[in-house]
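Engineer: please find the sequence and the predicted model below.
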Amino acid sequence: MHYARVVLLAAGLMIGTAALASERGLMIRAGDLFEQPFIDAKKLGPLTPNQPVTIIERRGGWVSVDAGGKRGWVRLLNLRLEPAVQPTAGRSTAALRTGSTGRTVATGVKGLDEADIRSASLDRGQLAQLELLGVTDDAAKQYGSRNQLKESLIAYLKPGKAP
């Protein structure tokens with residue numbers, strides 16, 4: 001098992017949800033509000049595109065939200081965070097903006113800032129559970145062979161230069 005991947009995944013699991021508390025967001029597309037963070041959980045009702053929500057908690061790819069007085073779970077990828085600071089009239093923010101929302105994120109660290117990542121700590125119990133999910137190279141190759149999968153090697157990207 002490649003430990004670099006395990007460490008990165010474990011770091012994502014360890015980081016707390018405090019950074020998301022009281023953040024506001026908008027639904028990107030129509031979706032359902034679920035009772036629990038599972039696709040087969042009871043549906044509490046529909047959510048509409050551009051519907052505002054208050055972010056309460058995050059678990060993996062799910063976010064607990066308050067949507068107009070109803071509290072439940074939505075998929076993380078169905079949300080867009082509202083900008084923290086509105087630009088003032090006459091002030092150019094073009095140099096600070098990227099994409100259509102002005103924010104660039106990766107799902108693994110969405111809503112987290114540098115301080116949150118730096119203050120993350122190792123949870124050895126969670127790491128041990130994560131390691132239980134790993135398989136040996138031989139087991140993976142046997143599975144691939146049984147299911148007629150083809151091996152593909154993808155080269156790692158060369159590291160970029162720090163700004």
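Structural biologist: Yep, it's here. Numbering: from 1, shown residues only.

Engineer: what segments of the protein are helices?
Structural biologist: Taking DSSP state H as the test, the helices found in the chain are 3-14, 114-118, 124-132, 137-146.

Engineer: rank the ones you listed by mean pLDDT and give me the bottom one.
Structural biologist: Note on these: lowest mean pLDDT is at helix 3-14, with a mean of 47.

Engineer: residues touching residue 46, list them.
Structural biologist: Contact analysis of residue 46 by C-beta atoms under 8 Å, 6 or more residues apart in numbering lists 30-33. Using the backbone N, CA and C atoms, a C-beta is placed for each residue, glycine as well.

Engineer: go on, residue 32?
Structural biologist: 43-47, 74.

Engineer: for those, give me CSV that also has distance to residue 161.
Structural biologist: CSV is the format used below for the contacts of residue 32 (distance: C-beta to C-beta, whole Å):
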residue, distance to residue 161
43, 48
44, 48
45, 48
46, 46
47, 42
74, 38
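
Engineer: buried subset of the residues you listed, written for ChimeraX?
Structural biologist: The buried residues among the contacts of residue 32 can be selected in ChimeraX (16 or more other C-beta atoms under 10 Å) with this line:
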select :47,74
